[in-house]
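[1] test case, fold it:
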Amino acid sequence: MKSREERSSEFEAALLALDRLEAARLLTDEGDERHVTARIEQDVVPAMERLGRLWEDGRVSLSQVYMSGRICEELVGRLLPQHAEPSGGDARIGLAVLEDRHILGKRMVAATLTASGHPFFDYGSVNAETLVERVEADGVELLLVSTLMLNSALRVAKVREGLDRLGRPVRLIVGGAPFRLEPELWRETGADAMCRNASEVVSLIDRFSGGGR
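    You can find the predicted model right below:
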């Protein structure tokens, strides 16, 4: 039985080689008894985070990181459930990637919300100003923001400023590699909480439901 580290390293190698078939084979291996969400959290997410750090260190090109992300998004999109938007009595939840083209983390959160019966507005990848506008238009009460790169994480402070100007409470939960690497970063950017992985999202939604900041 391969270790978690070995599986993730193999998946990372397939991504660097831009080998879609090998990446798909590793992610859908019938001999792997883990649930698909566990495979993604334990193999795919760490591999993409390492690629992000390699890019920041100048050891891989941005095009490699971008294409690797697209491969992951394509594979994960096939395996995870589709979501529904909020209606009538549903909590108003928004989900976005902030100024970043790597949406794997968001897909993981989306799948977790869908599986737990929490509909949400999917804003895709947006800048801070547009995100605040969408939150206002949809009456969002709880905003989930995913980032991969540090410069994107720092822009959360801009989102917080915009939300505070709306004149009503909006909870802001963040996640992604920068927040795990810098444990106090979420506080510094004005977020209300930070999720270390997608599985923590539902418990935070339950914790924050019905309350103001």
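
[2] okay, buried residues for the top helix by length along the chain please.
    Secondary structure assigned by DSSP state H gives helix 62-79 as the longest helix of the chain. Buried residues in helix 62-79, counted by 16 or more other Cβ atoms under 10 Å: 64-65, 68-73, 75-76. Yep, even glycine has a C-beta here, placed from its N, CA and C like the rest.

[3] for it, the distance to its chain's centre please.
    How far helix 62-79 lies from its chain's middle: 13 Å, per Cα atoms, centre = their mean, to the nearest Å.

[4] then that helix to PDB, C-alphas only?
    Only the C-alpha atoms of helix 62-79 are listed here, as PDB (Å, rounded to 0.1, in the frame of the first residue of the first chain):
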ATOM      1  CA  LEU A  62       3.400  30.000 -14.300                       C
ATOM      2  CA  SER A  63       2.100  28.100 -17.400                       C
ATOM      3  CA  GLN A  64       2.900  24.800 -15.700                       C
ATOM      4  CA  VAL A  65       1.000  25.800 -12.600                       C
ATOM      5  CA  TYR A  66      -1.900  27.100 -14.700                       C
ATOM      6  CA  MET A  67      -2.100  23.900 -16.800                       C
ATOM      7  CA  SER A  68      -1.800  21.700 -13.800                       C
ATOM      8  CA  GLY A  69      -4.700  23.500 -12.200                       C
ATOM      9  CA  ARG A  70      -6.800  23.100 -15.300                       C
ATOM     10  CA  ILE A  71      -6.100  19.400 -15.300                       C
ATOM     11  CA  CYS A  72      -7.100  19.100 -11.600                       C
ATOM     12  CA  GLU A  73     -10.200  21.200 -12.100                       C
ATOM     13  CA  GLU A  74     -11.300  19.000 -15.100                       C
ATOM     14  CA  LEU A  75     -10.800  15.800 -13.100                       C
ATOM     15  CA  VAL A  76     -12.400  17.000 -10.000                       C
ATOM     16  CA  GLY A  77     -15.300  18.500 -11.900                       C
ATOM     17  CA  ARG A  78     -16.100  15.000 -13.200                       C
ATOM     18  CA  LEU A  79     -16.100  13.400  -9.800                       C
END
